[in-house]
Structure formats: C-alpha cells, structure tokens
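Enquirer: would you be able to build a 3D model of this:
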Amino acid sequence: VTDLRAGRFLGVGLDVYEAEAGLFFLDKSLEGVDDDTLARLVTFPNVIVTSHQAYYTEDAVGQIIDATVQNVTDYLARRPSENVLVPRI
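Expert: Down below sits the predicted model:
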C-alpha cells in the first residue's frame, strides 16, 4: 500500500489475495469490508482485485503443475526460467 501511495506502480491487478477466504463467492454487497488491507487496496483507482477463480479449472491446475515442474527443473539445471518476471542481476 505504501508503494501504491508513493506512485511506484502504474497499475496493480491482484488475482490472488492471501486472506480472500470468505470474502469472495458470496454476495456481500450489503456488508462492509472487515479486511482493512483489502478495503484500502480497492480505494486506489489503479488497483483491480478479483477472486482467484482460474484455479478451479482442470486446465489451470495442469498449467500450474507444468510450470512448477519446469521451474524446479530449470532451477536444478541452473537454466534461466521463462517464468521469471524480474531476472536477478
């Protein structure tokens, strides 16, 4: 949140929120948000928070498994991984 306030991010999209259990998949439109961090995040115009629904498909789980195995294999072979967003300098 501090980095968002400081303008260090042009935009942030969160597909996974650590404390999302019980916050999504139910209609809570008539209730307030009890989670202070989430409440703060959604006040930023450059932040989008969605529930982690992609995880619930067979294809998504298969892709997660494949990517994880490839990441471990690359790491053990000391090869660069195509899944690294910010390579080590």
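Enquirer: when you work out contacts or count neighbours from here on, use the C-alpha atoms and nothing else.
Expert: Noted.
Enquirer: residues in contact with the worst-scoring helix or strand of the chain on mean pLDDT?
Expert: Sorting the helices and strands of the chain by mean pLDDT, DSSP states H and E puts strand 12-14 at the bottom, at a mean of 79. Residues outside strand 12-14 that contact it (CA atoms under 8 Å, 6 or more residues apart in numbering) are N46, V47, I48, V49, T50.
Enquirer: list the buried ones in that strand?
Expert: Residues of strand 12-14 include none that count as buried (16 or more other CA atoms under 10 Å).
Enquirer: show me which residues of the following helix or strand past that strand are buried.
Expert: Following strand 12-14 in sequence order, the next helix or strand is helix 36-41 (DSSP states H and E). For helix 36-41, the neighbour count (16+ other CA under 10 Å) marks L38, L41 as buried.
Enquirer: contacts for helix 36-41, please.
Expert: With CA under 8 Å, 6+ apart, helix 36-41 has contacts from V1, V33, V47.
Enquirer: look up the closest residue to the second one, ignoring the ones flanking it.
Expert: Okay, so that is V33. Sequence neighbours aside, A39 is the residue nearest to V33 in space, at 6.2 Å (criterion: CA to CA, 6 or more residues apart in numbering).
Enquirer: tell me who's in contact with the spatially most distant residue from the centre of the chain.
Expert: The C-alpha centroid of the chain is most remote from A77, which lies 27.5 Å away (CA atoms, centre = their mean). The contact partners of A77, by CA under 8 Å, 6+ apart, come to none.
Enquirer: now it: how far from A67?
Expert: Separation of A77 from A67 (CA to CA, to the nearest Å): 15 Å.
Enquirer: again, but for T73
Expert: Plainly put, T73 is 10 Å away from A67 if you go by CA to CA.
Enquirer: same for the top helix by length along the chain, what does it pack against?
Expert: Longest helix in the chain, counting residues (DSSP state H): helix 58-76. On a contact count with 3 or more CA pairs under 8 Å, 6 or more residues apart in numbering; DSSP states H and E, helix 58-76 meets no helix or strand.
Enquirer: in that helix, which residues are buried?
Expert: Using 16+ other CA under 10 Å as the burial criterion, the residues of helix 58-76 that qualify are N71.
Enquirer: alright, I will stop here.
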